[in-house]
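Trainee: return atomic coordinates for the entry below.
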Amino acid sequence: MGPTSPSVTWRTHSTLVLLALVYVFSFIDRNVIAIVLEPIKQEFGISDTLMGFLSGLAFAILYAGLSLPLSRLADRGGNRRNIVAVCCGLWSIATMACGMAQHFWQLLLARMTVAVGEAGGIAPSISMVSDLYPPHRRSLAISVLMIGPHLGLLAAMVAGGWIAQEYGWRSVFLFFGAPGILLALLLFCFTKDPGHGVYDKYTASKNKKVKQESFFKQLNGIMKVKGFIWIAMGCALAGMAGYGYGIWVPTFMVRNYDMSLAHAGISFGLAGGIFAAIGTIFSGLFCDKLSKRDSRWQIGLPIIGILISLPMGVAFMLWPADAFWMIGEIKIPHAIVFAALFSFFNCWWPSLSYAAISHLMTSSQRATGAASLNLFLTLFGAGLGPLLTGTLSDVFGATFAGEGLKYALVATMMLLLVSAWFYYKGLSPYQTRMKQLDNDEVEAVENAVPPTTINDPLPSS
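Mentor: Okay, the predicted model is just below:
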């Protein structure tokens, strides 16, 4: 960070914390359906395949389709704070509407409206965080933002399971939808958009050129960035395994261990949420340190995490169902240890991948770059992962009576091997791109007039 760069203040950190809280409830509202799949299925009388469509593809189509134009708006100078706040309010109201649905088609419509709102959440947030913090602190800052899914998982599984058990599945959506409305108001009242490129002043002319490009030209340019497509495909395959796992494991625990929704939620939520949050922060700190020596660690650490997590996930699925501890009235499977280890290592790839994309792009490409990555992750991961797992569960159920979901989850987990290969292919292109950007920056600094000092890191919107 040069002398003309803005300082990181308490206000910077408070904005990051508030954005992280928004992402916590984004992930709760998106995935709380996982804990109530079984009672919804029983009430509406639908198959695992259709439940996979409701929880996955129905959400993913709209989410992916709208995330790119909303991120384009953010990159072209739209107020990112306002975009996130409005979208947060919309998805929160839609989540509450899920709890009021009396027919399957009403639930499906409300679920798709949640997707419309959440399409404008994460990409503008990542873009904001990239302008709040200098490059050498971005991996950790984005990792803080990305603990949102894991804290959201913890809240959704633990509290959601208990609420569903005591008050019914509809109350879960009403309870978790309401806080997002308050968060949207807090964003409006207490945060400001930091402005584009405050740490990239020497590339201002390049950013201006990008802003003037058409949407499809910019999108085409992003797809051609060295390393992007390999990272995106790695995310897509890891996302298919991860979303299939996250959506269906609570149901697996209910079926495999004969657990109540509340106890399944507590076990999976604590193992998944806490250990994943720790792993996310650890990977960000570790990556910031290692990447100073060699930029390839930004991609190398996701590979390591994925390969370690795979056997942990398979062991969790195949461990004997009659091996468990009793803590009071709560049944804790021995296999939950492997679920915790899976969560710790498998969460390395999301935050480090988004940070890698923020490094590869100029400031006026970051929201669209993050949304493009999200497109792969959402369509393949959130869209096809739960659907594939549900379909395989129906198929395997005909052969393995009562254990179709177990073997469906194991089969989906094998996609992690393909994901690791894609990340490996991205190592060299990523390093080449980073060297190119470093050379461009040095050349620009030598030829440019230094920019005006920025005194306020969060200028008025």
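Trainee: quick one, strands of the stretch 201-350 of the chain?
Mentor: Listed in chain order, the strands found in the stretch 201-350 of the chain under DSSP state E, counting those that start in this stretch are 324-327, 330-333.
Trainee: now stretch 397-416: average pLDDT?
Mentor: Stretch 397-416 shows an average pLDDT of 90 in the prediction.
Trainee: er, stretch 259-267 I mean
Mentor: Averaging the model's pLDDT scores along stretch 259-267 yields 81.
Trainee: let's number from 826 now, not from 1
Mentor: All set: I'll call the first residue 826, so the last point we hit is now stretch 1084-1092.
Trainee: and it, C-alpha only, in PDB?
Mentor: As requested, the backbone C-alpha atoms of stretch 1084-1092 are provided in PDB (Å, rounded to 0.1, in the frame of the first residue of the first chain):
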ATOM      1  CA  MET A1084     -32.500 -38.900  14.200                       C
ATOM      2  CA  SER A1085     -35.000 -36.200  14.800                       C
ATOM      3  CA  LEU A1086     -34.800 -33.000  12.700                       C
ATOM      4  CA  ALA A1087     -33.600 -31.000  15.800                       C
ATOM      5  CA  HIS A1088     -30.800 -33.500  16.700                       C
ATOM      6  CA  ALA A1089     -29.700 -33.900  13.000                       C
ATOM      7  CA  GLY A1090     -29.500 -30.100  12.800                       C
ATOM      8  CA  ILE A1091     -27.500 -29.700  16.000                       C
ATOM      9  CA  SER A1092     -25.000 -32.500  15.000                       C
END
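Trainee: low-confidence ranges, this protein, go.
Mentor: By pLDDT under 70, the low-scoring segments of the chain are 826-833, 1022-1040, 1263-1286.
Trainee: rewinding a little: show me the one of the strands of the stretch 1026-1175 of the chain that comes nearest residue 995.
Mentor: Shortest separation from residue 995 across the strands of the stretch 1026-1175 of the chain is recorded for strand 1155-1158, at 24.9 Å, computed as C-beta to C-beta. Just so you know, the C-beta spots here come from the backbone N, C-alpha and C atoms, and that holds for glycine as well.
Trainee: before we move on, the earlier item: please identify the most buried of the strands of the stretch 1026-1175 of the chain.
Mentor: For the strands of the stretch 1026-1175 of the chain, ranked by mean neighbour count under the definition mean count of other C-beta atoms under 10 Å, the leader is strand 1155-1158 at a mean of 18.
Trainee: just how off-centre is it within its chain?
Mentor: For strand 1155-1158, the gap between its own C-alpha mean and the chain's C-alpha mean amounts to 28 Å (C-alpha atoms, centre = their mean, to the nearest Å).
Trainee: over to stretch 1229-1247?
Mentor: Centroid displacement of stretch 1229-1247 relative to its chain, using C-alpha atoms, centre = their mean, is 19 Å.
Trainee: tell me how many other residues crowd residue 990.
Mentor: Residue 990 is flanked by 18 other residues according to other C-beta atoms under 10 Å.
Trainee: state the helix or strand in which it lies.
Mentor: Under DSSP states H and E, the secondary-structure element containing residue 990 is helix 973-992.
Trainee: ok, residue 853 next?
Mentor: Using DSSP H and E, residue 853 falls within helix 835-856.
Trainee: coming back round to it: what would the strands of the stretch 1026-1175 of the chain look like in a markdown table with distance to residue 1118?
Mentor: Supplementary listing: these in a markdown table, determined by distance: least, C-beta to C-beta, whole Å:
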| stretch | distance to residue 1118 |
| --- | --- |
| strand 1149-1152 | 43 |
| strand 1155-1158 | 41 |
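Trainee: of those strands, which is nearest residue 1004?
Mentor: Evaluated with C-beta to C-beta, those place strand 1155-1158 nearest to residue 1004, the distance being 26.8 Å.
Trainee: who are the packing partners of the closest one?
Mentor: With contacts defined as 3 or more C-beta pairs under 8 Å, 6 or more residues apart in numbering; DSSP states H and E, the packing partners of strand 1155-1158 are helix 1053-1082, helix 1086-1094, strand 1149-1152.
Trainee: chain neighbours aside, what residue packs nearest to residue 1093?
Mentor: With C-beta to C-beta, 6 or more residues apart in numbering as the criterion, residue 1093 has its nearest non-adjacent residue at 5.1 Å, and that residue is residue 982.
Trainee: residues contacting the nearest residue to residue 928 once chain neighbours are set aside?
Mentor: Closest residue to residue 928 in three dimensions, ignoring its sequence neighbours and counting by C-beta to C-beta, 6+ apart: residue 869, at 7.8 Å. For residue 869, the contacting residues are 928-929, 932, taking C-beta atoms under 8 Å, 6 or more residues apart in numbering as the criterion.
Trainee: repeat the analysis, applying 10 Å as the threshold.
Mentor: Neighbour list for residue 869: 875-876, 879, 926, 928-930, 932 [criterion: C-beta atoms under 10 Å, 6 or more residues apart in numbering].
Trainee: what do you get for residue 881?
Mentor: Contact analysis of residue 881 by C-beta under 10 Å, 6+ apart lists 858, 1065, 1068-1069, 1072, 1203, 1206-1215.
Trainee: thinking again about what came up before, for residue 951, which of the helices and strands packed on strand 1155-1158 is the nearest?
Mentor: Across those, the minimum distance to residue 951, taken as C-beta to C-beta, is reached by helix 1053-1082, at 13.4 Å.
Trainee: distance from that closest one to the middle of the chain?
Mentor: Once both centres are worked out by C-alpha atoms, centre = their mean, helix 1053-1082 turns out to sit 12 Å from its chain's centre.
Trainee: what of stretch 1105-1117?
Mentor: Remark: stretch 1105-1117 is offset 18 Å from the chain centroid, using C-alpha atoms, centre = their mean.
Trainee: many thanks, we can stop here.
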